[in-house]
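>>> Sequence below, structure please.
(chains A and B)
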Amino acid sequence: MSTELKQKKQTVSQWVKSGDPWVWLNAGAVAISVIMVLGLLALIAVRGLGHFWPADISQGTYSLPGSQPYTLVAERVESTEVPAAQLREAGIDVADHHDLMKRTLMKTGNRDVYGSDFRWIIDEYFTNETRPEMLFAAERHEWGNLYGYLQAVKEDGQVVASTTDLTPTESALATWTAFERSIERATTIYDDIHTVEKDEIGTINHALERLRLEQRRLELNNDLTPEKQADIDAQRAEQNAKYQALQQRLIDLYAEINRDTFVVQVMDGSVHELQVAKVVRAYRPNAMGIAQKMSFYGSKVWEFLSAEPREANTEGGVFPAIFGTVMMVLLMTVLVTPFGVVAAVYLREYASQGFVTRTIRIAVNNLAGVPSIVYGVFGLGFFIYFLGSGIDQAFFPEALPSPTFGTGGLMWASITLALLTVPVVIVATEEGLSRIPRNVREGSLALGATKAETLWRVVLPMASPAIMTGVILAVARAAGEVAPLMLVGVVKLAPSLPLDGNYPYLHLDQKFMHLGFHIYDVGFQSPNVEAARPLVYATALLLVIVIATLNLAAVTIRNHLREKYKSLEM
Amino acid sequence: MSTKADQKVPELDFDTPALKRHRKVRALKDRSASVGIAIGGSSVILAVLLICFYLMYEVAPLFSGASIEQKGSYSLPAEESGKSLYLTSEEQTEIGFRVAENGDMIYFNIADGSVIKNVGNPLGQPTAFALESDTSRMMAFAYADGRVLVAKQNYKTTYPDGVRLITPSIEYPYGAEGIQVADFAPRQLSVRDNDERLTLAVIGDQQAQVVRLNKDVNFITEEVELTETRAEIPFVEGTRALLISGDQRYLYVADVNGEMSEFDIRDLSDVSTKDQIDLIKGDAQLVSMRYLLGQSSVMVADSSGRVSQWFNVRDENNVEHLTYIRDVQHPTGLVDMAMEHRRKGFATLDDRGIVSIFNATSSRQVVDERVSDDTARMISFAPRANGLLLEDSKGLHFFAVDNEHPEVSWSSIWGKVWYEGYQEPTYTWQSSAANNDFEPKYSLMPLAFGTIKAAFYAMLMAVPLAICGAIYTAYFMAAPLRRKIKPVIELMEALPTVILGFLAGLFFAPFLEENLAAAFSILIVLPVGVLLFSFIWSRMPAGIRWMVPEGWQPLLLIPVIVLLGWGCVAMSPVIELSFFDGNIRGWLGEPGIIFEHGITFDQRNSMVVGFAMGFAVIPTIFSITEDAIFSVPKALTQGSLALGATYWQTMTRVVLPTASPGIFSAIMIGMGRAVGETMIVLMATGNTPIMDFNIFEGMRTLAANLAVEVPESEVGSSHYRILFLAAFVLFVFTFVVNTIAETVRQHLRKKYGSL
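Below you'll find the predicted structure:
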């Protein structure tokens, strides 16, 4: 047998003639595609998930030839290899024997002190690297992270705990504990302030605005009698009184929160006294065990999912964006499902199957291929400028000249996306309807059911998985679509959620935040892209997970459906 | 038994009132369902078609012409003062203004012609009149004693009792006594004023003179001090028009035949003749020579009805020369020409009373209408170009003009246009700028070009990968693997493009910039490496080869390709060091190595877009192609194989030709997607509207342009409508492409159905 095989061994020309090389090249194309998809997903996953991990803080001496050596305290972000020639061109005096050098991006934090968060270093010149346990990182409400050594904690200017040690001695740990306690207290007060400012004062402002509109409406209708005016004034006075009370409370809270300060020494040796109120959380990554890091990781992920963004969206969470995306997609689903299904039922069950229906079918099919930005332009022109300003003239004249529906908002965004995705639902539903065997329908009709009854009791239930598939695909498409939304109502930072406790609870006219737009905005419009990048990866990962899940659900439902009706197809 | 049961059941009455009612209700429900579904269904379909019609509805006004409508007609206000030298109106078109032959300055009600105020002329009968510009409302009179008086109209708006009241007045910024310019009686006059200096030029019967007043602010008193310089310039016989250039550097003197002398008057102590230009073709006579808005283009009207535009263009020695740009034709000989105050438009008038309104840049004629039956003499625009005053032998006529988008024409959108300040006609998209004199440039060509460029590079990447991949997956791949691979590639389609764009812009673009050498070496190394590997594999002992069954090759190749790719990236700095002196971008940019001028390198370039968008397009092309190949009837391939063809021969000679319409439609649909893709292009390029096919530079596509500019454009403006036109172009393009693809595919399906 082995001799036979040997005889079969081809010459090179035979091998080429057999076409095998080309088959292998084609196999290579498949492999490349697969590598690209998996690589991309892995890239997003690694970068997105890595963002929350508390990285160690390095301390060392950085002595670049030709400049003063200094102590560097920073997190490592990423490294690359660069040709030494490029560095020499940039004016760095690199020794001749180097061809390639490793360069690392370090996050130094302390933007308020050094003016920037990041710096590139050449690893060759970074020496004496250690990871001292007492080095801490503090996330702040503004100016980004702070890295340094804690020296003292003060209450009302009085030192509560202090240390001069840079190692975990008793006094150092005691100061740290005092610091943690102080942060916890400040965080509680901060939450109170947030509640008062956002919810309670927000409600009052909302009420005052409604009173103003009420008065304006009465004026426009020439119906502002003195009694009504007095009534409005009385209500306004009541709200103002409430506001005064809250204002006083806020002043007290602010006094409370500003009580504590802490003293920190940063890498250039300078000492700074900062308010504890500015700190979101502080931690010492170098002293954390793996379990502590895990729990820290968990709390960061939870913050990302549940908190509001900070610092021009580059820190904190993306909750408003998640909420906005979900609201918009839900509204869109409510709109697109009935209309899509009705259109599909009409095309498949009611319309006579002639040339016109065929043309319409092709047209609807093709609309799915029309660029989404065109829908955005249409939404802006027709819905917002045409319908929206019409609605404003007719129903909200009191708010003019500031537009109510004459500007982008949740409702118009949902309708635009519904229009964009309706072909998807129509196509999927039609496919489902066409799969239902004729004899099922005929059976129902033969038993005396009317066409509508057949449709409602027999056909639609059987087609429901197909409808579901269509709707899920539509949702997946809508959730990832950004271009049209940029024209019809997405903003980088919405002051409040479109759903809240103020009448009319669901604010269809309000602008909203969106995950996809968040990625675009933070990644490309943000002043500090470097600092924002990890968050963008995390947001991208979230979006990918949502959309992949939706798509997998659609695929599963489709397969399930095929199995189910296989027996019916004869 | 059954008979028993039959006996037991009494005769059923189906016609009880309750059942009848029930049936009626059911029938009603059925009918209303039909009607409801029909209405609902067709309205959804209509709504979808509405997009197309709405886009057209927004675009249509761009190409509809203008209209003029007579609003008032009356005899000349203050007729005794004589014909008009100049006509205009104020902003709100309530008050008209005319300068009469005897020098009287008359304000009148534009609706009925009643005189509001006759200012008269402080220095009596003028011998010449000149307008500085409509925008500055400044004009000058010359008198027989050689004096020149500069006057300026002023309007003050007040709201006594909440009603608008406009009070006109005349002021004399350089004194009511005038400036002694010459010692002869001027026949022609020109005036040009700005913050730094005033220049006056006069021509008498024998002599010509230029006077300049320089304005210097005294540092101590902060008063403006005037210093006078003057010069005599060569006299030109038969002068018909005199014009000082906007920057007061040149003086143009043209005679009746259009022979124009250009004098350099930058320095009055050294006046020289610069150019001699013949402005008029043939033997027509010069009628009027005036500046267009912005004082950069000289418009020359002649008696044959031709109006030509000239502006300064720098030659290779960086010297400006007044250059012929374009012309438009009014049907017959002209008597007057009027300029729009805020746009580059103008109106022409002939003695039969025919008015034409043109736009200079788009050379578009928007109105051509006979509006007067008498001998027409003069025409003038209202400041907002929404009104037109016309003087004929009967009197004055006032017209309302509706002329929204004269600057847009089919040729200005798709053709080259020679804009002021440019060396040559270009395709330019530049929709906004900082200053007011700026003329928006709406050529869609750079955007269309950018769109095609982006789609081209995307297709360059996607087509080979997707089609080769589809061939393998549909025909050679083992079924269990196929079931795994297909969803993975289809998952690509679901990835939001904003994520692809973000990765392309922030990850891939910097990566590519640093590893440019790797990108090109991969192109060579990967195919060669795969071939080499397959050759080695074919030489392997059978025992090893059989470990991987036919149809599982991609799994073998994945580690190979990852390794090769990684190797290329790792070697990239070494390649750069050894072949390009460690700086590949510098090497590309150096002139004369590949191209004469070197290659510009942008970080976010077409290569990045091609890669990212190719990635987005691959799944579309892949799944349709795969479908087409997979649905080629087995009988065909089996027949081919039975006749002794190899698998590859069967593939290329039988399967591919049969599936080619399907592959064609896959490519079309993929291209439709690439053309309309917004976010990737927006994020992965610099979005500069250039016309250059260089792979290392970016582009601006129609779709990205929409995303950037639509939110900022003013509703109803030309810009807004042109953006809608861009959207319409995209809509139509993708619709047509998809329809062709769909039709081809349906056709294919029908063909296979019969096999």
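>>> Spit out the contact partners of the residue of the stretch 401-550 of chain A found nearest chain B.
The minimum distance from the stretch 401-550 of chain A to chain B, using Cβ to the nearest Cβ, falls at residue A:480 (2.9 Å). Backbone N, C-alpha and C define where each C-beta goes, glycine included. Residues in contact with residue A:480 (Cβ atoms under 8 Å, 6 or more residues apart in numbering or on different chains) are A:516, A:543, A:547, B:494, B:495, B:496, B:497, B:498, B:499.
>>> so residue A:147 touches residue A:137, yeah?
Yes - between residue A:147 and residue A:137 there is a contact under Cβ atoms under 8 Å: 5.4 Å.
>>> so residue B:745 sits right up against residue B:663, yeah?
No - contact criterion Cβ under 8 Å: residue B:745 and residue B:663 do not qualify, at 10.4 Å.
>>> residue contacts, residue B:140?
For residue B:140, the contact set (Cβ under 8 Å, 6+ apart) comprises B:129, B:130, B:132, B:148, B:149, B:150, B:151, B:189, B:191, B:200.
>>> if we take those residues, which one ends up nearest to residue A:416?
Of all those, residue A:416 sits closest to residue B:132, with 51.0 Å by Cβ to Cβ.
>>> Show me the domain layout of the chain.
Looking at chain A here, since you left the chain open. A:57-131, A:146-288, A:323-514 (automatic domain parsing).
>>> meant chain B, my bad for not saying
Split into domains by automatic domain parsing, chain B comes to B:83-172, B:186-278, B:284-421, B:445-754.
>>> so which of the ones you listed comes closest to residue A:329?
domain B:445-754 (12.7 Å).
>>> and the gap between residue A:212 and residue A:498?
Between residue A:212 and residue A:498 the computed distance is 21 Å (Cβ to Cβ, to the nearest Å).
>>> More neighbours: which of these two?
The neighbour comparison of residue A:212 against residue A:498 (other Cβ atoms under 10 Å in any protein chain shown) goes to residue A:498, with 24 against 14.
>>> Find the nearest non-adjacent residue to residue A:243, please.
residue A:204 (5.1 Å; Cβ to Cβ, 6 or more residues apart in numbering or on different chains).
>>> Please work out the average pLDDT along the helix or strand that the one you found is a member of.
In the assignment (DSSP states H and E), residue A:204 maps to helix A:201-220. Averaged across helix A:201-220, the pLDDT comes to 85.
>>> List the buried residues of that helix.
A:201, A:202, A:203, A:204, A:206, A:207, A:211, A:214, A:215, A:218 (16 or more other Cβ atoms under 10 Å in any protein chain shown).
>>> swap in stretch A:545-562?
Residues of stretch A:545-562 classed as buried by neighbour count (16+ other Cβ under 10 Å): A:546, A:547, A:550, A:551, A:553, A:554, A:555, A:557, A:558, A:561.
>>> is chain B contacted by it?
Yes - contact of stretch A:545-562 with chain B (Cβ under 8 Å from any Cβ of the partner chain) involves A:547, A:548, A:551, A:555.
>>> the helices in the stretch 201-350 of chain A, which residues?
Taking DSSP state H, counting those that start in this stretch, the helices of the stretch 201-350 of chain A run over residues A:201-220, A:226-257, A:290-306, A:319-345.
>>> Which strands and helices lie in contact with the longest helix along chain B?
Taking DSSP state H as the criterion, chain B has its longest helix at helix B:17-63. Contacts defined by 3 or more Cβ pairs under 8 Å, 6 or more residues apart in numbering or on different chains; DSSP states H and E place helix B:17-63 against helix A:319-345, helix A:355-367, helix A:372-378, helix A:410-435, helix A:451-453, helix B:718-754.
>>> Of the ones you listed, which is nearest residue A:473?
Closest approach to residue A:473 among those is made by helix A:410-435 (5.2 Å; Cβ to Cβ).
>>> Spatially, what comes nearest to residue A:360 if we skip its sequence neighbours?
The shortest distance from residue A:360 to any non-neighbouring residue, by Cβ to Cβ, 6+ apart, is to residue B:45 (5.7 Å).
>>> nope, residue A:505 is what I was after
Spatial nearest neighbour of residue A:505, excluding adjacent residues (Cβ to Cβ, 6+ apart): residue A:499 at 6.5 Å.
>>> same question, residue A:102
Spatially, and ignoring its direct neighbours in sequence, residue A:102 is nearest to residue A:123 (4.4 Å; Cβ to Cβ, 6+ apart).
>>> Could you do residue B:427 as well?
Closest to residue B:427 by Cβ to Cβ, 6+ apart is residue B:445, at 3.9 Å.
>>> How many residues are close by residue B:624?
So residue B:624, with other Cβ under 10 Å, has 23 neighbours.
>>> My guess is it contacts residue B:661. True?
No - the pair residue B:624 and residue B:661 does not pass the contact test of Cβ under 8 Å, sitting 11.0 Å apart.
>>> quick one, helices of the stretch 401-550 of chain A?
Counting by DSSP H, counting those that start in this stretch, the helices of the stretch 401-550 of chain A are A:410-435, A:438-446, A:451-453, A:460-480, A:483-488, A:515-524, A:529-566.
>>> Next, format those helices as a markdown table and append mean pLDDT.
Output for the helices of the stretch 401-550 of chain A, formatted as a markdown table (pLDDT from 0 to 100):
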| stretch | mean pLDDT |
| --- | --- |
| helix A:410-435 | 91 |
| helix A:438-446 | 91 |
| helix A:451-453 | 89 |
| helix A:460-480 | 86 |
| helix A:483-488 | 91 |
| helix A:515-524 | 89 |
| helix A:529-566 | 82 |
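>>> Let me know which of the ones you listed is tucked in deepest.
helix A:483-488 (a mean of 27; mean count of other Cβ atoms under 10 Å in any protein chain shown).
>>> which other residues reach it?
Residues from elsewhere that reach helix A:483-488 (Cβ under 8 Å, 6+ apart): A:328, A:371-373, A:375-377, A:379-380, A:383-384, A:408-409, A:412-413, A:416-417, A:420, A:514, A:516-517, A:520, B:497, B:678-679, B:682, B:703, B:706-707, B:710-711.
>>> go again using 7 Å as the cut-off
For helix A:483-488, contacts defined as Cβ atoms under 7 Å, 6 or more residues apart in numbering or on different chains pick out A:372-373, A:375-377, A:379-380, A:384, A:408, A:412-413, A:416-417, A:420, A:514, A:517, B:678-679, B:707, B:710-711.
>>> residues near residue B:111, how many?
Neighbour count of residue B:111, defined by other Cβ under 10 Å: 14.
>>> Then the one 3 residues further on?
Other residues lying near residue B:114 total 10 when counted by other Cβ under 10 Å.
>>> ditto for residue A:239
The tally of other residues near residue A:239 (other Cβ under 10 Å) stands at 18.
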